[in-house]
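Chemist: Predicted model, plus sequence, below.
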Amino acid sequence: MTKNPLDYVRPNILALAPYSTARDEFKGGDISVWLDANESPYDNGVNRYPDPHQYQLKQYIARLKGVCPERIFVGGAGSDEAIDLVYRIFCCPSEDNVVAISPSYGVYSVAAAINDVEYREVQLLSDFSLPVDGLLNAADQRTKVIWICSPNNPTANAFPRADIARVAEAFDGIVVVDEAYVDFSEHGSMLDLLDSYPNVIVLQTFSKAWGLASLRLGMAFACEEVAALFAKVKYPYNVNGPTQLKITEYIAGDDITEHVAEIICERDTLAAALRSLPFVCEVFPSDANFLLVKVDSPDEVYDYLLANGVIVRNRSRLPACEGCLRVTIGTPQENRRVMSLLKKFSKK
Ligand SMILES: *Cc1c(COP(=O)(O)O)cnc(C)c1O
């Protein structure tokens with residue numbers, strides 16, 4: 001089935017004439033006096049509006065990811081901005097629905113509720129593998145989007161490319177693959193699926209492996225037509241100037257390979273150490289920078305760590321995550337501290 005992603009777009013969005021900023025209308029030239037945008041003339045470094053098209057930033061990201069700039073959206077509220085835009089572009093409130101795996105990242109369902117879009121959850125299979133048929137069966141005529149988080153938060157596993165491709169192939173709608181943790185995964189990115197499947201959108205972020213969570217920069221990669229819709233619907237100046245500049249500097253100057261390698265190594269060491277503790281029932285395989293750990297009494301372990309100044313995420317009340325804590329991989333020193341605390345807990 002060849003798909004035209006524009007078939008899934010809300011009619012009002014297709015018809016939308018975007019807001020035109022002062023800087024949109026400016027087409028280049030030798031300007032030394034800027035009196036077009038009602039800015040303050042006093043230079044404090046941030047008195048001018050930033051580039052609404054993030055031209056330079058997208059050049060850097062394009063080179064980094066091997067994707068042309070026309071296929072890139074960047075959001076200044078992290079990936080969450082792209083997630084919300086997916087709803088606003090494709091889903092008619094109170095009419096359309098989306099399908100998502102469960103358990104998964106909580107923002108998909110909150111953003112669905114905000115946009116008044118029905119959110120249909122399909123449980124992962126018992127080994128946390130992707131329920132390809134379940135996802136497809138849960139979809140109907142009004143299903144516009146299927147959400148797949150890979151590596152998945154909180155189960156930590158990445159799904160095989162072939163499974164994701166099967167969903168993209170068979171589903172008559174948009175498939176979003178959220179790759180926030182892709183840098184920690186051996187499976188690699190699904191970005192190349194964009195070439196075969198115009199209905200796929202891939203999300204990535206600078207918040208995790210790049211260590212830039214505070215700058216709030218998320219990315220969506222899509223076919224040019226869909227990327228153009230993101231550009232049309234986003235807030236005009238959605239990425240602030242200092243963030244645009246900082247991210248280009250980090251891309252140009254920072255190599256994250258060493259940190260990523262250390263985190264992967266620490267993750268595997270910590271997983272093995274945790275497995276040796278008597279109250280640990282299971283440490284699930286991880287393709288991310290965190291471990292999902294099933295323990296005998298999660299609330300007790302959680303409170304004990306908290307009392308000792310260590311906070312982890314208690315996921316034990318999520319369906320299919322009963323008994324589970326989610327532990328982010330820290331520095332080697334932090335991980336050793338967690339392990340020595342937990343060894344003492346097991347002797348209590
Ligand atoms: C952390 C995370 C993100 C990133 O969110 P930002 O808003 O970019 O910081 C996206 N998706 C998942 C599944 C995450 O866990």
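Modeler: Sure thing, it's come through. Keep in mind the model is a prediction, meaning the values are calculated, not measured.

Chemist: neighbours of the residue of the stretch 1-150 of the chain found nearest the ligand, just the number please.
Modeler: With Cβ to the nearest ligand atom as the measure, residue 78 is the residue of the stretch 1-150 of the chain nearest to the ligand, at 2.2 Å. The C-beta positions use only the backbone N, C-alpha and C, and glycine is treated the same way. Neighbours of residue 78 under the rule other Cβ atoms under 10 Å: 21.

Chemist: For it, give me its contacts.
Modeler: Residues counted as contacts of residue 78 (Cβ atoms under 8 Å, 6 or more residues apart in numbering) are 205, 207, 213, 216, 217, 218.

Chemist: Need the phi and psi values for it.
Modeler: According to degrees, to the nearest 10, the main-chain angles of residue 78 amount to phi 70, psi -160.

Chemist: In space, what's closest to it - neighbours in sequence excluded?
Modeler: With sequence-adjacent residues excluded and distances taken as Cβ to Cβ, 6 or more residues apart in numbering, residue 78 is closest to residue 218, at 4.3 Å.

Chemist: What is the most widely separated pair among the contacts of residue 78?
Modeler: Maximum pairwise distance among these (Cβ to Cβ): 10.6 Å, between 213 and 218.

Chemist: Enumerate the residues of the chain near the ligand.
Modeler: Proximity of the chain to the ligand (Cβ under 6 Å from any ligand atom) is limited to residues 78-80, 105, 149, 153, 178, 180, 205, 207-208, 213, 218.

Chemist: now with 8 Å?
Modeler: Residues of the chain lying close to the ligand (Cβ under 8 Å from any ligand atom) are 75, 77-81, 83, 104-105, 107, 149, 152-153, 178, 180-181, 203, 205-208, 213, 216-218.

Chemist: now the residues you listed: which count as buried?
Modeler: For the residues of the chain next to the ligand, a burial check counting by 16 or more other Cβ atoms under 10 Å picks out 75, 78-81, 83, 104-105, 107, 149, 152-153, 178, 180-181, 203, 205-208, 216-218.

Chemist: coming back round to it: the residue of the stretch 1-150 of the chain closest to the ligand and residue 247, how far apart?
Modeler: Going from residue 78 to residue 247 by Cβ to Cβ, to the nearest Å gives 12 Å.

Chemist: Could you do residue 134 as well?
Modeler: Per Cβ to Cβ, residue 134 is found 38 Å from residue 247.

Chemist: between those two, who's got more neighbours?
Modeler: residue 247 (23 against 14).

Chemist: Which of the helices or strands spans the more buried one?
Modeler: Using DSSP states H and E, residue 247 falls within helix 241-253.

Chemist: Next secondary structure after that helix?
Modeler: helix 257-275.

Chemist: in that next one, what's buried?
Modeler: For helix 257-275, burial by neighbour count (16+ other Cβ under 10 Å) applies to 259, 260, 263, 264, 266, 267, 270, 271, 273, 274.

Chemist: Need the CA coordinates for it. CSV is fine.
Modeler: As requested, C-alpha coordinates have been extracted for helix 257-275 and formatted as CSV (Å, rounded to 0.1, in the frame of the first residue of the first chain):
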residue,chain,number,x,y,z
THR,A,257,30.7,8.5,22.5
GLU,A,258,32.8,8.2,25.7
HIS,A,259,30.0,9.1,28.1
VAL,A,260,27.6,6.8,26.2
ALA,A,261,30.1,3.9,26.3
GLU,A,262,30.7,4.4,30.0
ILE,A,263,26.9,4.4,30.8
ILE,A,264,26.4,1.2,28.8
CYS,A,265,29.3,-0.4,30.6
GLU,A,266,28.0,0.8,34.0
ARG,A,267,24.5,-0.4,33.1
ASP,A,268,25.7,-3.9,32.4
THR,A,269,27.9,-4.0,35.6
LEU,A,270,25.1,-2.7,37.7
ALA,A,271,22.6,-5.1,36.2
ALA,A,272,24.8,-8.1,37.0
ALA,A,273,25.4,-6.8,40.6
LEU,A,274,21.7,-6.3,41.2
ARG,A,275,20.9,-9.8,40.0
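
Chemist: isn't there a strand covering residue 148?
Modeler: Yes: assessed by DSSP: H, G, I helix; E, B strand; the rest coil, residue 148 belongs to a strand.

Chemist: Where does the residue lying closest to residue 116 once chain neighbours are set aside fall, secondary structure wise?
Modeler: In this structure, residue 116 finds its nearest non-sequential neighbour in residue 93, 3.9 Å apart by Cβ to Cβ, 6+ apart. Residue 93 belongs to no helix or strand when assigned by DSSP H and E.

Chemist: these two touch, right, residue 93 and residue 113?
Modeler: No: using Cβ atoms under 8 Å, residue 93 is not in contact with residue 113, being 10.7 Å away.

Chemist: Look up phi and psi at residue 174.
Modeler: Note on residue 174: backbone dihedrals following degrees, to the nearest 10 are phi -90, psi 140.

Chemist: quick revisit: now the helix holding residue 247 - C-alpha only, CSV.
Modeler: Extracted in CSV, the C-alpha atoms of helix 241-253 (Å, rounded to 0.1, in the frame of the first residue of the first chain):
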residue,chain,number,x,y,z
GLY,A,241,18.1,31.8,20.6
PRO,A,242,20.5,30.7,23.4
THR,A,243,19.3,27.1,22.9
GLN,A,244,19.8,27.2,19.2
LEU,A,245,23.3,28.6,19.7
LYS,A,246,24.3,26.2,22.5
ILE,A,247,23.1,23.1,20.7
THR,A,248,25.1,24.0,17.6
GLU,A,249,28.1,24.5,19.8
TYR,A,250,27.7,21.1,21.5
ILE,A,251,27.2,19.3,18.2
ALA,A,252,30.3,21.0,16.8
GLY,A,253,32.5,20.5,19.9
